[in-house]
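Visitor: Generate coordinates for the sequence data below:
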Amino acid sequence: MAVDEAIYPYRFSVLGYERAERFEAWRAEHRHHDISRRMRDVEIRDANFRGIHLDELALGRWRLVADPVAAEARLAQRTLRKIRRDQLDHFYLRLALSDSWLYRVGAAQVEVGPGQLALVDLGQPYELSIASGEVLMLMVPRDRLPLATAGLHGAVLDHGLGRLFADHLRALFERAGRLSANERPAAAAVTLDFLRAALSGVPNALAQAQREIDATLLERVRAHIDQHLDSPTLRVDSICAQVGLSRSRLYRLFEPIGGVAAHIRQRRLAHIRAALLAGIAPRPLIADLAFRYGFSSPAQLTRAFRREYGCAPSEAGAEAMDDAGPQRWLQPR
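Guide: A predicted model of the protein is given here:
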């Protein structure tokens, strides 16, 4: 890739180090990965980086020239420990310009060939092989992309829009250093819009990832609601604050099951019914249950209970107490 190296403000090269010092110098520049120490024995003939910030985006090119070595010696890992320590909350797009490289996400291993673009979530573990050649990289803050992007961890964007975006990255790197300070935010905005479009074109993946994320979030919120059914502060605002969702997001999650308020009411009524049917003497007072579970009066509870179960709470309780008579407890077990 023919570029004017001098115009990139972030530069690194091992050629300024003694041969014995090159590995540690190069390794220090890969702070977001744990590099296999077996790379110490590899002759690094050249390794350099050129990079630039475009508003919130970081764009750069790595070049490595090293002696051939077994794949296990070229391993770079992003472990849970590394994730907890550096807390990098970014997505990492990696475009192979020459040689192929391998990466592993869980049990899946993928080879990324020249011209292919892969997306990696720096908040999730992975491994990759360090290959000689050139790689373009783009770092994007997590909050600049759709929530479902995390579900594409390890995806190769090899569809039409993905390949077009790879071409865009090449052109952007060649010209980014000549952009004025006023032009860089606009270039970053265009790049983000293009990337979002490319991600939306991954066949079925983004929609499936969004469904999985929605299901996980819904279960989190439902668990939170069940843990706070008898809390007088169980309201939409408190749920949003505790779980970390916006009101609109919360409403969308619960829309398919009748809404968040209806769900809270149903869960409270279910707990009240369970208490009445538990067969424990003395029977809980309807008034106590009403005020414990957020109803303004016993009458309001009775109306809601009748709509839900077709009988008054006192009737459900009476049935349970009938079943709890001495003859029941004296039955052989």
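Visitor: Not counting its neighbours along the chain, what's nearest residue 271?
Guide: The spatial neighbour of residue 271 that comes closest, neighbours along the chain excluded (Cβ to Cβ, 6 or more residues apart in numbering), is residue 229 at 5.7 Å. Heads up, the C-betas are built off the backbone N, CA and C, glycines and all.
Visitor: Break down this structure into its strands, ranges please.
Guide: In the chain, the strands defined using DSSP state E lie at 10-13, 34-35, 44-54, 57-66, 75-78, 90-96, 101-105, 108-112, 117-121, 126-129, 133-141.
Visitor: Tell me the strands beside the third one, with direction?
Guide: When you say that, I think you mean strand 44-54. In the sheet, strand 44-54 lines up against strand 10-13 (antiparallel), strand 57-66 (antiparallel) (DSSP bridges).
Visitor: Output the ones you listed in TSV, with distance to residue 266, mean pLDDT and mean neighbour count appended to each entry.
Guide: Shown next, in TSV, are the strands paired with strand 44-54 (distance: least, Cβ to Cβ, whole Å; pLDDT from 0 to 100; neighbours: other Cβ atoms under 10 Å):
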stretch	distance to residue 266	mean pLDDT	mean neighbour count
strand 10-13	56	78	14
strand 57-66	46	86	20
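Visitor: Can you lay out the ones you listed as TSV showing distance to residue 29?
Guide: Below are these laid out as TSV (distance: least, Cβ to Cβ, whole Å):
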stretch	distance to residue 29
strand 10-13	5
strand 57-66	9
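Visitor: before we move on, the earlier item: return the most buried member of the strands of the chain.
Guide: Of all the strands of the chain, strand 117-121 carries the top mean neighbour count, a mean of 23, counting by mean count of other Cβ atoms under 10 Å.
Visitor: and it, C-alpha only, in PDB?
Guide: These are the backbone C-alpha positions of strand 117-121, laid out as PDB (Å, rounded to 0.1, in the frame of the first residue of the first chain):
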ATOM      1  CA  LEU A 117     -12.500  -8.100   6.900                       C
ATOM      2  CA  ALA A 118     -13.300  -9.600  10.300                       C
ATOM      3  CA  LEU A 119     -15.000  -8.000  13.300                       C
ATOM      4  CA  VAL A 120     -13.800  -8.800  16.800                       C
ATOM      5  CA  ASP A 121     -15.400  -7.600  20.100                       C
END
